[in-house]
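J.: Got a sequence here, can you build the structure:
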Amino acid sequence: MRIAFIVWEFPVLSETFVLNQITGLIDRGHQVDIYAHIPGNTAKMHPDVNRYRLLDQTYYVPAIPKNLLWRLLKGIRLFFSNLKKNSALTWRSLNFLQYGSRAASLWLLYAITPLLDQQLNQRSYDIIHAQFGTDGLTGLSLREVGAMQGKLITTFRGYDISTYVKQRGAEVYQKLFHKGDFFLANCEFFRQQAIQIGCSPAQIKVHGSGIDCSRFHFVDRHFPENGIVRLVTTGRLVEKKGIEYSIRAVARLLKTYPHLEYKIIGDGELRKPLQRLIQSLGVGDRVHLVGQKPQPELIEILNQSHVFVAPCVTAADGNQDAPVNVLKEAMAMGLPVVSTHHGGIPELVEDGVSGFLVPERDVDALVARIAELIQHPERWSEMGKAGRAYVEAHYEINQLNDRLVELYQQVINTLQLLDQQQSINLKSVQLTSEG
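T.: Sure thing, here's the model as predicted:
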């Protein structure tokens, strides 16, 4: 199959769920092209990006200036350049009467640009897979204007079905639900969110984000001989990760358990506020923001840790999390988990079995559950084994990629049958009218 992935940014170190699907499809003999709005950080990227030479198959939309005058001036130059490559498509991209604000704002003119260097047959795909709901809107626009062809599948992952809907309104995906071919959600929680705003239940399935369990070796956890219990959190330093609450919890725990260490892996807009919080609580010698790490370093830190903390919360803008991959990776490596009743996380962490779940923003509950694990290290091993078994059974990337290929084929076959049936019905109507 020829498959196009539509993403906002590529490569992104934190989006291994996209990368795992791309490499899995290539391993299975399929061709994958990647269409992105902006380039990611190539100084820090997963080794598979180079191993599979993915940047050679990645096409970027030219940067769209926010300044309207500069956007117009740059757009004029793009217009004449694009006109030489495909005049009909270029003119259609400016048809604001048909394509509305996406044409009037020149967004569509910019968006078709990376596709114009390819012939029509090169822009025809079996599957166009938009990796977020917002990317689905992009895919739909590109398909409608004739820049791409293929069956459009859209995955909902979190921000796109929570914050974006809250900001734009429940009607934001109605056209996509009507004209898109199929939909996926990375957990049942977000599947239900999509159904509530108009997606047909028959047109959306849960397809989780997977990890390669073979890269995350299980380690049986036991209380360390030196008495230093190491806690770890991995995630972007943004509100929905709830890291403020785990820092406050650890600061309180240190009064009773002074040999705790807490490492927070990741970077983001809240780095400075969180660093100030750490200093104000006087725990800078025990709580460390270590920044974003490539996967080998991340694995090494997880190997040396004893408990994984994921204190996720619903952000003020409505942003919520699915069962995040870093949590799966920690569980695959045998770490007991303390997390929250939030978004899709209860679909991954079974309370009391592979870890503990507490209410969002409840520092007291975080303190109590982490303390319980410190006091009962004999539970670490059983929880770690339960977590590994669950991740292997439900989130192993090779199984999920096999299912993804099957799903693609089912979508293609089903729509082909529908097209054939419609063609038969049309001929029957014509014969009847002629008779």
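J.: Now do the strands in the stretch 151-300 of the chain.
T.: 182-185, 204-206, 230-234, 261-265, 287-291 (DSSP state E, counting those that start in this stretch).
J.: residues in contact with the closest residue to Leu115 other than its chain neighbours?
T.: Nearest residue to Leu115, sequence neighbours excluded (CB to CB, 6 or more residues apart in numbering): Ala147, at 4.7 Å. In this view, the C-beta of every residue, glycine as well, is placed from N, C-alpha and C. Residues in contact with Ala147, defined by CB atoms under 8 Å, 6 or more residues apart in numbering, are 89, 93, 111-112, 115-116, 123.
J.: sorry, back to before: relative to Asn303, which of the strands of the stretch 151-300 of the chain is closest?
T.: Of all the strands of the stretch 151-300 of the chain, strand 230-234 sits nearest to Asn303, with 10.1 Å by CB to CB.
J.: any idea how far Gln149 is from Arg102?
T.: For Arg102, the distance to Gln149 equals 18 Å [CB to CB, to the nearest Å].
J.: of the two, who's got more company?
T.: Between Arg102 and Gln149, counted using other CB atoms under 10 Å, the more crowded position is Arg102 (20 against 16).
J.: Where does pLDDT dip in the stretch 301-435 of the chain?
T.: Applying pLDDT under 70 to the stretch 301-435 of the chain flags residues 417-435.
J.: which residues in the stretch 1-150 of the chain form helices?
T.: Secondary structure of the stretch 1-150 of the chain (DSSP state H, counting those that start in this stretch): helices at 16-27, 47-51, 68-85, 87-92, 96-99, 101-104, 107-112, 133-145.
J.: Now render the ones you listed as JSON lines, adding mean pLDDT.
T.: Formatted as JSON lines, those follow (pLDDT from 0 to 100):
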{"stretch": "helix 16-27", "mean pLDDT": "94"}
{"stretch": "helix 47-51", "mean pLDDT": "93"}
{"stretch": "helix 68-85", "mean pLDDT": "95"}
{"stretch": "helix 87-92", "mean pLDDT": "94"}
{"stretch": "helix 96-99", "mean pLDDT": "93"}
{"stretch": "helix 101-104", "mean pLDDT": "94"}
{"stretch": "helix 107-112", "mean pLDDT": "96"}
{"stretch": "helix 133-145", "mean pLDDT": "96"}
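J.: May I see these organised as JSON lines, with distance to Leu274 added?
T.: Formatted as JSON lines, the helices of the stretch 1-150 of the chain follow (distance: least, CB to CB, whole Å):
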{"stretch": "helix 16-27", "distance to Leu274": "23"}
{"stretch": "helix 47-51", "distance to Leu274": "29"}
{"stretch": "helix 68-85", "distance to Leu274": "36"}
{"stretch": "helix 87-92", "distance to Leu274": "47"}
{"stretch": "helix 96-99", "distance to Leu274": "43"}
{"stretch": "helix 101-104", "distance to Leu274": "38"}
{"stretch": "helix 107-112", "distance to Leu274": "35"}
{"stretch": "helix 133-145", "distance to Leu274": "27"}
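J.: Out of these, flag the one nearest Ala332.
T.: Set against Ala332 and scored by CB to CB, the helices of the stretch 1-150 of the chain come closest in helix 16-27, at 12.8 Å.
J.: Now do the buried residues in that closest one.
T.: 16-26 (16 or more other CB atoms under 10 Å).
J.: Ser14 - nearest residue in space that isn't next to it in sequence?
T.: Distance criterion CB to CB, 6+ apart; nearest residue to Ser14, sequence neighbours excluded, is Arg236 at 6.3 Å.
J.: Wait, that neighbour touches Gly268, no?
T.: Yes - in this structure Arg236 lies within contact range of Gly268 using CB atoms under 8 Å: 4.3 Å.
J.: Looking only at neighbour counts, state which of these two leads.
T.: Arg236 (18 against 15).
J.: circling back to that earlier point, how much space between the residue nearest to Leu115 and Phe79?
T.: According to CB to CB, Ala147 stands 15 Å off from Phe79.
J.: how's the chain carved up into domains?
T.: Per automatic domain parsing, the structural domains of the chain span 2-60+118-206, 213-394.
J.: Can you add distance to Thr414 and give those domains back as JSON lines?
T.: Supplementary listing: those in JSON lines, determined by distance: least, CB to CB, whole Å:
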{"stretch": "domain 2-60+118-206", "distance to Thr414": "9"}
{"stretch": "domain 213-394", "distance to Thr414": "25"}
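J.: Out of these, which is closest to Val411?
T.: Closest of the domains of the chain to Val411 is domain 2-60+118-206, at 4.8 Å (criterion: CB to CB).
J.: Pull the distance from that closest one to the chain's centre.
T.: In terms of CA atoms, centre = their mean, to the nearest Å, the centre of domain 2-60+118-206 is found 9 Å from the chain centre.
J.: Okay, now it: how far is its last residue from its first?
T.: Taking CA to CA, to the nearest Å, domain 2-60+118-206 runs 23 Å from one end to the other.
J.: Going forward, the N-terminal residue is numbered 13.
T.: In the new numbering, first residue 13, that becomes domain 14-72+130-218.
J.: hmm, back to that, so for Ile424, which of the domains of the chain sits nearest?
T.: With CB to CB as the measure, domain 14-72+130-218 is the member of the domains of the chain nearest Ile424 (6.0 Å).
J.: quick one: Phe108 and Leu118, what's the gap?
T.: Distance of Phe108 to Leu118, given as CB to CB: 10 Å.
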